[in-house]
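**Student:** Please work out how this folds:
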Amino acid sequence: MSDASTPSRISEIPRDQLSAQQRDIMNRLLRDRGRVPTPFKIWLHSSTLADHLEGLGEFLTSRSTLTPREAKIVILWMAVHWHADYVFKVHAREARVLGLAENVIEAIGAGRSPPLKSSREQIVYELVRQSAVLEPASDDLFESAIEELGHAGVAELLATCGYFTAVALATKLYRVKIPPIRSEL
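**Tutor:** Here you go, the predicted model:
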């Protein structure tokens, strides 16, 4: 977890030093998201990577077959798995806005099975939890996941795990500070 006494390692690129591709990515982020999300301040140093991750992130957070709540369950669990406090805190705020109960968020944060009421959300949680262990998921879990989410949903859940692993690792290595609570969240 991040230590408030250690400085962030993010090296933001001054606007006047951005390449044309970096400027294009930054402008898209500002237009589509209203801000430059913190991981992109890291990824912009590799503009081609940032370009691809921007498209993937936009798909996973806006057009996936997973509901926004299901995506937050995945993201919160990956943040806990990678001990990425920044990712957990930011996405816990957003999960609350989406109606995820506080006891669900707290259970995920503590590494306990959350009291989910939806069978689909329970499958999402079980599959994301199983994704980070060495053994493959059981046939029963796999079949339940396919039945609830379909092959597309399972594929998108796994891609969300990978994308937010990259977010978690980047924010940990670069010592990203937890932002203050914003009024719109």
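
**Student:** which residues of this protein score low on pLDDT?
**Tutor:** Where the chain drops to pLDDT under 70, the residues are 1-4, 179-185.

**Student:** now the strands for it?
**Tutor:** Here the chain has no strands by DSSP state E.

**Student:** other SSEs contacting the longest helix seen in it?
**Tutor:** The helix spanning the most residues in the chain, taking DSSP state H as the definition, is helix 139-173. Helices and strands touching helix 139-173, by 3 or more Cβ pairs under 8 Å, 6 or more residues apart in numbering; DSSP states H and E, are helix 38-43, helix 47-62, helix 68-81, helix 85-97, helix 119-131. Backbone N, C-alpha and C define where each C-beta goes, glycine included.

**Student:** Pro115: neighbour count?
**Tutor:** Using other Cβ atoms under 10 Å, Pro115 has 10 neighbouring residues.

**Student:** Next: Leu49.
**Tutor:** Residues near Leu49, counting by other Cβ under 10 Å: 13.

**Student:** That one touches Phe40, doesn't it?
**Tutor:** No. With contact defined as Cβ atoms under 8 Å, Leu49 does not count as touching Phe40 (10.0 Å).

**Student:** sorry, back to before: buried sites along the longest helix of the chain?
**Tutor:** 144-145, 148-149, 153-154, 156-157, 159-161, 163-168, 170-172 (16 or more other Cβ atoms under 10 Å).

**Student:** How about stretch 37-48?
**Tutor:** Neighbour-count burial for stretch 37-48 flags Pro37, Thr38, Pro39, Phe40, Lys41, Ile42, Trp43, Leu44, Ser47 (criterion: 16+ other Cβ under 10 Å).

**Student:** ok, and what's touching it?
**Tutor:** When contacts are defined by Cβ atoms under 8 Å, 6 or more residues apart in numbering, stretch 37-48 is touched by residues 10-13, 18-19, 21-22, 25-26, 29, 36, 49-50, 53-54, 57, 86, 166-167, 170-171, 174, 176, 179.

**Student:** 6 Å instead?
**Tutor:** By Cβ atoms under 6 Å, 6 or more residues apart in numbering, the residues outside stretch 37-48 that reach it are 10, 12-13, 19, 21-22, 29, 49-50, 53, 167, 170, 174, 176.

**Student:** From the residues you listed, list just the buried residues.
**Tutor:** Among those, those scoring as buried are Ile10, Gln22, Leu29, Ala50, Leu53, Val167, Ala170, Tyr174, Val176 (criterion: 16+ other Cβ under 10 Å).

**Student:** Right, I'll call it a day here.
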